[in-house]
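Visitor: model this:
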Amino acid sequence: MAPAPPHPALPRLTLVLGGARSGKSRHAEALVTALPPPWTYVATAQPFDAEMTDRIAQHKARRAEGWRTLETTHDLAGLVRTSGDSDTPMLIDCLTLWLSNVMLADMDVPARCAELIDALGSAHGPIVAVSNEVGLGIVPDNALARAFRDAQGRLNQNVAALADRVILMAAGLPLTLK
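Guide: The predicted structure is shown next:
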């Protein structure tokens, strides 16, 4: 049985899904910052190029005082296990980049996803996880992209099943699914 939510305003686990530029990160940040600081921001992006470096800088610049940033590219489950048992609200941004990192490192994707689901299931919370909905577009033309889309869809389903609340963002508007 999952522990009771530590904050009535924010469930133990919230999943915020959406497409590119749907407003999912901003909405997730607003959910977390509705609680008093401190807050933990878990960043999973790797700055492989100048454009991604700029995106990361923009995300950092808009965060208010009170955030503690932790970075992980592969061991998200371990970070959730060590940091997800406090009452400090945690934002994970994002599951999609983490999964991409795992796949590009040629790690065992099903095993790493299972570890993450286990860690999220046993975390005290509150945790808000951001993830891209990647299954609404055309079927990708290559095997790696199709494998990624399928793995992301399975991960999103598993996190959504575990989550107390699931929000789909479209055009900056939140739609509560669960």
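
Visitor: Which strand or helix spans the residue nearest to residue 165 when sequence neighbours are not counted?
Guide: Among residues not flanking residue 165 along the chain, residue 14 sits closest, at 4.5 Å (C-beta to C-beta, 6 or more residues apart in numbering). To be clear about C-beta, it is placed using only N, CA and C from the backbone, and glycine gets the same treatment. For residue 14, the host element (DSSP states H and E) is strand 13-18.

Visitor: So which elements touch that strand?
Guide: Other elements packing on strand 13-18 under the criterion 3 or more C-beta pairs under 8 Å, 6 or more residues apart in numbering; DSSP states H and E are helix 24-33, strand 127-132, helix 143-162, strand 165-170.

Visitor: could you give the mean pLDDT of that strand?
Guide: For strand 13-18, mean pLDDT rounds to 97.

Visitor: Note down every partner strand of it and its orientation.
Guide: Sheet pairing for strand 13-18, assigned by DSSP bridges, gives strand 127-132 (parallel), strand 165-170 (parallel).

Visitor: ok, the nearest residue to residue 70 once chain neighbours are set aside - contacts?
Guide: Nearest residue to residue 70, sequence neighbours excluded (C-beta to C-beta, 6+ apart): residue 42, at 5.2 Å. Neighbouring residues of residue 42 by C-beta atoms under 8 Å, 6 or more residues apart in numbering: 69, 70, 71, 72, 76, 79, 80, 83, 90, 91, 92, 93.

Visitor: now the residue of the chain most remote from its centre, what's its secondary structure?
Guide: In the chain, residue 141 marks the outermost C-alpha relative to the chain mean, sitting 26.2 Å out by C-alpha atoms, centre = their mean. What DSSP: H, G, I helix; E, B strand; the rest coil gives for residue 141 is coil.

Visitor: What pLDDT is listed against it?
Guide: If you check residue 141, the pLDDT there is 90.

Visitor: what's the answer for residue 52, then?
Guide: At residue 52, the model reports a pLDDT of 75.

Visitor: contact partners of the helix or strand bottoming out on mean pLDDT in the chain?
Guide: In the chain, the helix or strand scored least confidently by mean pLDDT, DSSP states H and E is helix 50-62, which has a mean of 78. Contact with helix 50-62 is made by 25, 26, 29, 43, 45, 46, 47, 69, 93, as judged by C-beta under 8 Å, 6+ apart.

Visitor: Also compute the angle for that helix relative to helix 24-33, please.
Guide: If you take axes from the mean of the first three to the mean of the last three C-alpha atoms, to 10 degrees, helix 50-62 sits at 30 degrees to helix 24-33.
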